[in-house]
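Visitor: Take this sequence and fold it.
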Amino acid sequence: MLYRVEGIVIRSMDYGEGNKIITLLTEHDGKVGVMVRGAKKPKSRHAAMTMPFTYGQYIFFRNKGLGTLNGGEIIESHHKLREDLTLAAYGSYACELLDRVLQEEETGSFWFGQLKACLDALQEGKDPEVLIHLYEMKILQAAGYGPEMDVCVVSGTDQELEFFSPRLGGVLSRRSRHLDPAAMAVSPSVLKLLRLFAKLDMRRLGNVAVKDTTKAELKTAMRALMDMQLGMQLKSRNFLDQLDKYQI
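Guide: Numbering: from 1, shown residues only. This next block holds a predicted model:
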């Protein structure tokens, strides 16, 4: 059967001497694997369509399992992301995270819309550190692990919310902190950002100016939350950590 879909390349791997297998994130059909024959050859007309972050229309044949690319057209190459090492690292993390969290049978336009918005915002020059934590929040929420940010996750009160518990999945009041001694104290600025992230759609993010100290605290909170709720070891995140050490 011939399929025509719009998708984003979230994974690309060599297969054999001249072929590639790409994983597309589509708006309505979830993740789709497609074989691109001859993609590694110098004169391949489909090589550009296998590049990471590429958003395009893909036409392929498929009966069962992998499809085989027949043709297509690039809508947005996101080439700026591939030309910048730091942006490429953030883009790779966004793609790998979604690829690992989204199950094969899951579909829905939400995942597609959030990833596309993330890649577009990275290309537009928005702060990648702030952007990626908002994206992480959206992935957690879509996977059913979104934190409670408005009231104490234990008592339900909206008073004295001074701590954040990655283990319990949300904010804690001062009186409930004893239930999770490992809960971290968070500044009002970080609490405000986390609440914003919980309510904001990626596609509506404007330019946000955040102090370096606030970004460092935000990263600590989101890293702990991601590790506790998802517990995934991602190559792209390890690479981002290495980049941070190098830049320091």
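Visitor: for the residue sitting furthest away from the middle of the chain, what are its contacts?
Guide: When distances are taken from the C-alpha mean of the chain, residue 175 lies farthest, 34.5 Å away, according to Cα atoms, centre = their mean. Going by Cβ atoms under 8 Å, 6 or more residues apart in numbering, residue 175 touches 155, 157, 160. Heads up, the C-betas are built off the backbone N, CA and C, glycines and all.
Visitor: Kindly report the same for residue 134.
Guide: 197, 200, 202, 205.
Visitor: The first one: how many residues sit nearby?
Guide: Think residue 197. Residues near residue 197, counting by other Cβ atoms under 10 Å, number 24.
Visitor: And the third one, by the same measure?
Guide: The number of residues packed around residue 202, counting by other Cβ under 10 Å, is 21.
Visitor: And the second one, by the same measure?
Guide: Here the count is done by other Cβ under 10 Å, and residue 200 has 16 residues near it.
Visitor: List phi and psi for it.
Guide: Residue 200 has phi and psi values of phi -90, psi 140 when expressed as degrees, to the nearest 10.
Visitor: how about the nearest residue to it, chain neighbours excluded?
Guide: Spatially, and ignoring its direct neighbours in sequence, residue 200 is nearest to residue 134 (6.6 Å; Cβ to Cβ, 6 or more residues apart in numbering).
Visitor: Could you find the residue nearest the spatial middle of this protein?
Guide: Nearest to the chain centroid, counting by Cα atoms, centre = their mean: residue 94, 3.0 Å.
Visitor: ok, then the element right after the host helix or strand of that residue?
Guide: Here residue 94, judged by DSSP states H and E, is contained in helix 85-101. Per DSSP H and E, the first helix or strand lying C-terminal to helix 85-101 is helix 109-124.
Visitor: got the buried residues for that following helix?
Guide: Neighbour-count burial for helix 109-124, counted by 16 or more other Cβ atoms under 10 Å, picks out 111-112, 114-123.
Visitor: next SSE after that helix?
Guide: Using DSSP H and E, the next helix or strand after helix 109-124 towards the C-terminus is helix 128-142.
Visitor: who's in contact with the helix or strand that that following helix is followed by?
Guide: With elements assigned by DSSP H and E, the helix or strand that comes after helix 128-142 is strand 161-165. Strand 161-165 is contacted from outside by 147, 151-153, 170-174, 177, 180, 182-186, 190-191, 194, 221, 225, using Cβ under 8 Å, 6+ apart.
Visitor: Take the residues you listed and keep only those in strands.
Guide: Taking DSSP state E, the ones among the contacts of strand 161-165 that sit in strands are 170-173, 184-185.
Visitor: just checking, residue 111 touches residue 142?
Guide: Yes: with contacts counted by Cβ atoms under 8 Å, residue 111 reaches residue 142, the gap being 6.3 Å.
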